[in-house]
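1. Have a look; sequence and predicted model below, questions after that.
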Amino acid sequence: MSDVAVISLVLASSSPRRKELLKEAGIAFEPVDPPVAEPVHLGGEVSPARRAEALAYFKARAVADHHPGSLVLGADTVVSVDGRLLGKPADADDARRMLRVLSGTRQAVITGVALLGAGRRSIASETTFVTMRDISEEELEDYIASGEWEGKAGAYAIQETADRFVTGLEGSFSNVVGLPMELVCRLLRLAEGENP
């Protein structure tokens, strides 16, 4: 992935995980926090993938309006299990509720990606299935106390200590971290007119 050279890429995110993934891939970028709050309601009939894509586009569009001539990358991650959609927890109680929902399940982690600029508008998503073992109440309280859940879709960070709860992963690991790098690199190559 390090062979992807992009001039004037703007990341419409303040996420340290997304920044780190792009840096590790050798992609130069400027991080810009989207200037407006993302919408909470998109309608009840929107699928998890479409919701993630819509929010990624919303973030990218908000930043692209202020960075003409740049490629702008937006992303949003959600977790879906048994028809329930989990975003970022509002507080510790919300994180506790989410982790209880996810305990002992196979869930879908979906990241929507939007790339705008250079006369292009690419919107896509990646889904990774994560299987978690049952989490005991003691483990749950220890994890809540760690604070790792803050700002994480589904209230956990697989790249930190929550990996101990995971027994199976089907798909992209970086997607669960917050940015599906295989998909991102493919979209960047398309934007540059290269073969994906």
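-> Okay, I see it.
2. Run a quick neighbour tally on residue 150.
-> Residue 150 is flanked by 13 other residues according to other CB atoms under 10 Å. All C-beta atoms are positioned from the backbone trio N, CA, C, and that covers glycine.
3. OK, contacts around it?
-> 89, 95 (CB atoms under 8 Å, 6 or more residues apart in numbering).
4. Quick one: distance of stretch 92-106 to the chain centre.
-> Centroid separation between stretch 92-106 and its chain, computed with CA atoms, centre = their mean, to the nearest Å, is 18 Å.
5. Go through the lowest-mean-pLDDT helix or strand in the chain and flag the buried ones.
-> Sorting the helices and strands of the chain by mean pLDDT, DSSP states H and E puts strand 84-86 at the bottom, at a mean of 89. For strand 84-86, a neighbour-count test (16 or more other CB atoms under 10 Å) marks 85, 86 as buried.
6. residues in contact with that strand?
-> Residues from elsewhere that reach strand 84-86, judged by CB under 8 Å, 6+ apart: 48, 51, 78, 79, 80, 98, 101, 102, 153, 154, 155.
7. mind putting the residues you listed in TSV, neighbour count and pLDDT included?
-> What follows is the contacts of strand 84-86, written out as TSV (neighbours: other CB atoms under 10 Å; pLDDT from 0 to 100):
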residue	neighbour count	pLDDT
48	21	92
51	20	91
78	21	92
79	26	94
80	19	94
98	23	95
101	17	95
102	23	96
153	22	89
154	28	93
155	27	94
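8. tell me what whatever helix or strand residue 72 lives in is packed against?
-> Applying DSSP states H and E as the criterion places residue 72 in strand 71-81. The elements that strand 71-81 packs onto, with contact taken as 3 or more CB pairs under 8 Å, 6 or more residues apart in numbering; DSSP states H and E, are strand 9-11, helix 48-64, strand 84-86, helix 92-102, strand 106-117, helix 181-191.
9. ok, of these, where does mean pLDDT dip lowest?
-> Among the helices and strands packed on strand 71-81, strand 84-86 carries the lowest mean pLDDT, at a mean of 89.
10. Adjacent strands (with direction) for it?
-> Strand 84-86 has its sheet partners listed here by DSSP bridges as strand 71-81 (antiparallel).
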